[in-house]
Every structure is written in C-alpha cells, then in structure tokens.
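Chemist: Give me a 3D structure for the following:
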Amino acid sequence: MLQKNSIFSLFNSQEELDRNAAQFIIEKAKIAINEKGSFSLVLSGGTTPVNVYKLLAKEQVNFEKWYIYFGDERCFPLNHLERNSNVAELIWLSKVNIPKSNIFIIPAELGNKDGSLAYEKILDKNKSFDLVILGLGDDGHIASLFPNHQWENTKQVISVSNSPKAPSDRISLTLSRLSNTEEVLFLISGKNKAHAFNRWKEGGDLPANLISAKNQISIMAFDIF
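Modeler: Numbers count the residues shown, from 1 in each chain. Purely as a prediction, here's the structure:
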C-alpha cells in the first residue's frame, strides 16, 4: 500500500517525467538553501535517473551549496564505468560548479565490508537528508535492498554479499537511513516495473513499503500500466 504521505504523478512521456523530476529537485534545493544554507541529496543508480542528471547538468544553477551522497554502490574498482558515482560524475557532477569536497562517494573499491564501515563514518546519523532519490527494480528492490533479504537496520550503511543482480557484492544505505530525510522522490519508468509497482501499491512485502519521509514521498512514473 502506498504511504499516506505520498503523491503519485503519471506522465505521458519519459521526457515529461525527466523535466518534471529535474525541476522538482531544483525547487527542493532552493527551499533547503533558503532555509538553512545547504541542500543534501542522495542519488539513485540505475538507468531511470540518467536523463534527469543530464538535464541538471544543463541548468543554470549554482551548485556550490549542494551536497551529494549515494544510496548504494556496486563493488567495482574506483574507475569502473558501471559504478553509480562514476555515471553521475560523467554526465552531471563534472560539468557543474559543485565542489569536489561536497561529493561523498561510497568507497566500494575497498570491498563491501570495509567500504560500508567507511561510509558509515562519513554519514552523520543526527542529520537528515533533504531529498533521497530512489528507483524501483523490476524485482521490487530499492538501492541494493532486495525483497526477501534480511538487513541490519540499526546501521546507516550495510554490506551486501548476496545480490541477485550482478555484482553480488554491494554497499547500501539502510531503510532507516534512506528514510531519515525530509523528502523522497521515486522515479519509475517502464512496463517491466509494473508488477513490482502493483505489489507495492497492494501492500506486498517489498522494501519500498518500509520507506518513509518526514514530509512527503513523491512518485513520478511513466509507462508502468
């Protein structure tokens, strides 16, 4: 069952979803910076947010007060092109004026155990994020939290060693840390996500049903029915 504080928007094209998502992120950043002088954003991997990141790279926005984190990472070498941090760097972060010191990548090159411990030390459990971006896998996973798996939710970051999707070794923020945020934005695209979305909507046993936010969960979707 979708969370009570969620708003669902279905768009007529991928381009419309991408534009609205980019403007949504920019607007949330403006609000946070006006209120407290900074904006903390957790990025999602996968293909759905790629074009959103490309649009952000073209926007006339001052990114100096943006702070970037990652919801999960695959345990690949540092320069591997399939790392979520490298995708974001290539198509967006390297093209704007965000300070390198404001980008907090998950050190997955250390391995899932050492990398998760290192990222745990980077995150401040007493500070909530402003916005967390999440996708929804065709199997219902979010970040690297997969259905029917057990997670140690008392931590902020966990090591994953049995991912059903390659690579098996990953690092992920926990449900409790992903939910320690003002807002959540789900980006869901493609009919291959329809089954997972329907399970979520019907209250199925999926990680998405355990996500919360202090203010609001926004779901932007295209082509899932």
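Chemist: ok, for residue 21, nearest residue in space, not its chain neighbours?
Modeler: Counting by CB to CB, 6 or more residues apart in numbering, residue 21 lies nearest to residue 52, which is 4.7 Å off, once chain neighbours are set aside. Quick note: C-beta positions are derived from backbone N, CA and C, even for glycine.
Chemist: I'd guess the one you found is in a helix, am I close?
Modeler: Yes: residue state for residue 52 (DSSP: H, G, I helix; E, B strand; the rest coil) corresponds to a helix.
Chemist: can you list contacts of the longest strand seen in the chain?
Modeler: Assignment by DSSP state E gives strand 181-189 as the longest strand of the chain. With CB atoms under 8 Å, 6 or more residues apart in numbering as the test, strand 181-189 has contacts from 14, 17, 21, 24-25, 28, 32, 42, 44, 48-49, 52, 128-136, 178, 197, 208, 211-224.
Chemist: repeat that with 6 Å
Modeler: Strand 181-189 is touched from outside by 21, 48-49, 128-136, 213-222, 224, with contacts defined as CB atoms under 6 Å, 6 or more residues apart in numbering.
Chemist: Pull out the buried positions in the helix or strand just after it.
Modeler: Remark: after strand 181-189, the chain's next helix or strand is helix 194-201, criterion DSSP states H and E. Within helix 194-201, the residues scored as buried using 16 or more other CB atoms under 10 Å are 196, 197, 199, 200.
Chemist: Check stretch 81-95 too.
Modeler: Those would be 83, 84, 85, 86, 87, 88, 89, 91, 92, 93, for stretch 81-95 by 16+ other CB under 10 Å.
Chemist: same check, this time on stretch 209-218
Modeler: Applying a neighbour-count criterion of 16+ other CB under 10 Å, one finds 209, 210, 211, 212, 213, 217, 218 buried in stretch 209-218.
Chemist: Now for those residues: which two are most distant?
Modeler: Farthest pair in these (CB to CB) is 210 and 218. Separation: 17.3 Å.
Chemist: before we move on, back to that, mind checking which of the buried residues of stretch 81-95 are in helices?
Modeler: 84, 85, 86, 87, 88, 89, 91 (DSSP state H).
Chemist: and which of those is nearest to residue 77?
Modeler: Nearest member of these to residue 77, counting by CB to CB, is residue 86, at 10.1 Å.
Chemist: any idea how far that closest one lies from residue 78?
Modeler: According to CB to CB, to the nearest Å, residue 86 and residue 78 sit 8 Å apart.
Chemist: Quick one: the strands in the protein, in order.
Modeler: Counting by DSSP E, the strands of the chain are 6-11, 39-43, 66-70, 72-74, 129-134, 157-160, 170-173, 181-189, 216-222.
Chemist: And the fifth one, what does it pack against?
Modeler: With contacts taken as 3 or more CB pairs under 6 Å, 6 or more residues apart in numbering; DSSP states H and E, strand 129-134 sits against strand 39-43, strand 181-189.
Chemist: Now do that strand, average pLDDT.
Modeler: Mean per-residue pLDDT for strand 129-134: 98.
Chemist: Out of the buried residues of helix 194-201, the closest to residue 148 would be?
Modeler: Residue 148 has its nearest neighbour among those in residue 199, at 12.1 Å by CB to CB.
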